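A.B. asks: return a 3D structure for these sequence lines:
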Amino acid sequence: MLNADQWFTEVDDANASAFGLKGRRVHAEQTPFQHIEIYETERWGNLMVIDGCTMVSTRDNFFYHEMMSHPVLATHPAPKRVLIIGGGDCGTLREVLRHPTVESATQIDIDERVTRLSEQYFPELCSANDDPRATIAFDDGIAYIRDAAPGSLDVIIVDSTDPVGPAEGLFNVAFYQNCRRALADDGLFIQQSESPLLHGPIFKAMADAMRDAGFASTTPLFFPQPIYPSGWWSATIAAGHPVLPAPRPEACKPFAETLQYYSAETHQAALAVPPLVKRLLSSG
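C.D. replies: So this is what the prediction gives:
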């Protein structure tokens, strides 16, 4: 919503809270899948809003994009074949393609307009779209992974919106089973898993569903994300083996100076599980 003082405000009625940025709306459209708005804010650059929820801003997107890509790629022993489901703003794709080991990165997002608007309003996020290793397709990610060849992928990144609307089918056992089947034996899966503080039941249900789908381990990562509800966000890595390999410290050295948040140190810190989350995950 936008009030008379030109503030975009995302209201979270369930948690009696709100987040706002001052600016003006410069674009709005209803696609076949969702409602997309773009705002020019005073201090946070451009802001994309989907179905009333903040998605990406110029100022703070690096937290999310770096933590959705580098921890899992640094943990895999030799990531070559990467699939991104969602990620239409292309920021995660850009980070994935910083890794010289990656031979192919395919991005599947159902809504082409997210990418086209990102090219216009967030061109810095789309700087790797022409990389010859990149394939960008606009299709149903659920169907794509269902039809993927067994063992054909090293890393799957699910960079999705919340578990409603077009993204609802990305948060269940059947989807995770298809992902598990498409991964090689040492393959890794990562998905954004909401705020443990505000969305505890979703966070736990995701980890439970991943294990029910055949993943032997789930490992949460925590990082700040100022424009998302609570400002404290998470992603969950799932693996077919019970112990997640230690991250390779050299994985990001070739481009370390270009990063704004991720480092070997922040990776290790992100793996620390607070007592609140331990109790949540162990609860019945």
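A.B. asks: give the next helix or strand downstream of the longest helix along the chain.
C.D. replies: With DSSP state H setting the assignment, residue counts place helix 61-75 as the longest helix in the chain. Sequence order places strand 81-86 as the next helix or strand after helix 61-75, per DSSP states H and E.
A.B. asks: next structured bit after that following strand?
C.D. replies: helix 91-96.
A.B. asks: send the alpha carbons of that following helix over as CSV?
C.D. replies: Output of helix 91-96 as CSV, limited to C-alpha atoms (Å, rounded to 0.1, in the frame of the first residue of the first chain):
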residue,chain,number,x,y,z
GLY,A,91,20.6,-11.7,-8.7
THR,A,92,21.2,-15.3,-7.6
LEU,A,93,22.1,-16.2,-11.1
ARG,A,94,24.7,-13.5,-11.2
GLU,A,95,26.2,-14.8,-7.9
VAL,A,96,26.2,-18.4,-9.1
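A.B. asks: which strands or helices does it pack on?
C.D. replies: helix 61-75, strand 81-86, strand 104-109, strand 153-159 (3 or more CB pairs under 8 Å, 6 or more residues apart in numbering; DSSP states H and E). From N, CA and C alone the C-beta is placed, and that goes for glycine too.
A.B. asks: name the residues that touch it?
C.D. replies: With contact meaning CB atoms under 8 Å, 6 or more residues apart in numbering, helix 91-96 is reached by 56, 61, 64-66, 68-70, 73, 82, 84, 87, 102, 105, 107, 122, 125-129, 134, 136, 157, 159.
A.B. asks: and Phe189, that one's in a helix?
C.D. replies: No - under DSSP: H, G, I helix; E, B strand; the rest coil, Phe189 falls outside any helix and is assigned strand.
A.B. asks: who touches it in this structure?
C.D. replies: 155-156, 158, 176, 179-180, 183, 210, 215, 237-239.
A.B. asks: among those residues, who's most crowded?
C.D. replies: In terms of neighbours by other CB atoms under 10 Å, the contacts of Phe189 top out with Ala238 at 28 neighbours.
A.B. asks: secondary structure, distance to Ser263 and pLDDT added to the contacts of Phe189, as TSV?
C.D. replies: Below are the contacts of Phe189 laid out as TSV (DSSP: H, G, I helix; E, B strand; the rest coil; distance: CB to CB, whole Å; pLDDT from 0 to 100):
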residue	secondary structure	distance to Ser263	pLDDT
Val155	strand	20	98
Ile156	strand	24	98
Val158	strand	24	96
Tyr176	helix	30	96
Cys179	helix	28	97
Arg180	helix	30	97
Leu183	strand	27	98
Met210	helix	27	96
Phe215	coil	27	97
Ile237	strand	18	98
Ala238	strand	23	97
Ala239	strand	22	97
